[in-house]
Each structure stands twice: as C-alpha cells, then as structure tokens.
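Visitor: Mind folding the following:
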Amino acid sequence: MKLSAGVEWAIHCCVVLSLAERPVPGARLAELHGVSKTYLAKHLQALARAGIVQPSEGRDGGYALTRDPAGITVLDVVRAIDGPEPAFRCTEIRQQGDLAAPPEECRQACGVAQVMAEAEQAWRTSLSGRTIAELAATVDGAAVRATI
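Guide: Take a look at the predicted model:
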C-alpha cells in the first residue's frame, strides 16, 4: 500500500493543530515540517473541503481543526488527501491472455481480489480506530505550542 507524501504531511499538521491554542498559518505549518508551502496549501485545502480544518483570514488567521481531535481518525485524513477509492483495483486479468476464463466463470471476485479486499478492509479498520488525539499524545505538546 502506497500513500502520497501529502497524507503524512496532513496527519502531522492535524497533530500540531490539535495542540494549538489558536489558528496556525499555513506558512508556519510548512516551516515546522520543512515542506513546500505551496504543496502543503493544496493539502490543507483538501482537509478544509473534507471538513477537518477551517481556514481563517486576517492578522490572526490560519488553520484550526473543526472538531475535537478525538473525533478525527487517521482514516479521515487519508480519505481527505488520497480520496476514498480502494487501493487495489481489479482489472479482471483472469479474462485476458492465454489463460483467459470466459465471463460466465467470473461472476464472483477471484481469490486475488478477495485477498486484496480483505487486506484493505483490515488496513482501513486499523486507521479508523486511531485518532489525531492519540497521535498528539505521543508528542511533547508544550514544545509544539512553544514553536507555533
């Protein structure tokens, strides 16, 4: 399973925002993580579209979480950045080439598709059981707040 780099950046940003006492500018989030401001802005917009963060403008503007970090799962962030589509997409390879099976023999998912679907479900179940609040508990909140 390969996730985009934006997923990692977005999760880290959500952890920082969960510890912040006020909105954090996108440029500051980029500096904190040593990532491109432009690229991070795209991911912050995706988080906003998903209802995970709320942007605010003005002198004290920036980004803030829209809800309690205990209510935001890692899977919520993954879906916001990489979308809800499954990682594995069956192309019915069993109906191609020299070993092609006729369509009437392919009414149910093959063993490969079944195994991949089970693995994806386990992965999604695991990520849906972990929250931003749990991840925030693993970092030094005082140190984070001192830098933002």
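
Visitor: Look through the protein and tell me its longest helix.
Guide: Longest among the helix segments of the chain by residue count, using DSSP state H, is helix 111-128.

Visitor: which residues sit against that one?
Guide: Contacts with helix 111-128, where a contact means C-beta atoms under 8 Å, 6 or more residues apart in numbering, come from 1, 73, 74, 75, 78, 86, 87, 88, 90, 109. Every residue, glycine included, has its C-beta placed from N, CA and C.

Visitor: quick one: the helices in this protein?
Guide: 5-19, 26-33, 37-49, 74-82, 111-128, 132-136, 141-147.

Visitor: hang on, the earlier thing: for the longest helix of the chain, which positions count as buried?
Guide: 113, 116, 124 (16 or more other C-beta atoms under 10 Å).

Visitor: which intervals of the chain have sub-threshold pLDDT?
Guide: The model of the chain has pLDDT under 70 over residues 1.

Visitor: Give the closest residue to the residue nearest the centre of it in space, chain neighbours not counted.
Guide: Residue closest to the mean C-alpha point of the chain, counted by C-alpha atoms, centre = their mean, is residue 78 at 1.9 Å. The spatial neighbour of residue 78 that comes closest, neighbours along the chain excluded (C-beta to C-beta, 6 or more residues apart in numbering), is residue 7 at 5.5 Å.

Visitor: how near is that neighbour to residue 56?
Guide: According to C-beta to C-beta, to the nearest Å, residue 7 stands 24 Å off from residue 56.

Visitor: More neighbours: those two, which one.
Guide: Neighbour count, other C-beta atoms under 10 Å: between residue 7 and residue 56, residue 7 has more, with 18 against 13.

Visitor: Residues contacting stretch 132-147, please?
Guide: Taking C-beta under 8 Å, 6+ apart as the rule, stretch 132-147 contacts 11, 14-16, 18-21, 32, 65, 68-70, 72-74, 77.
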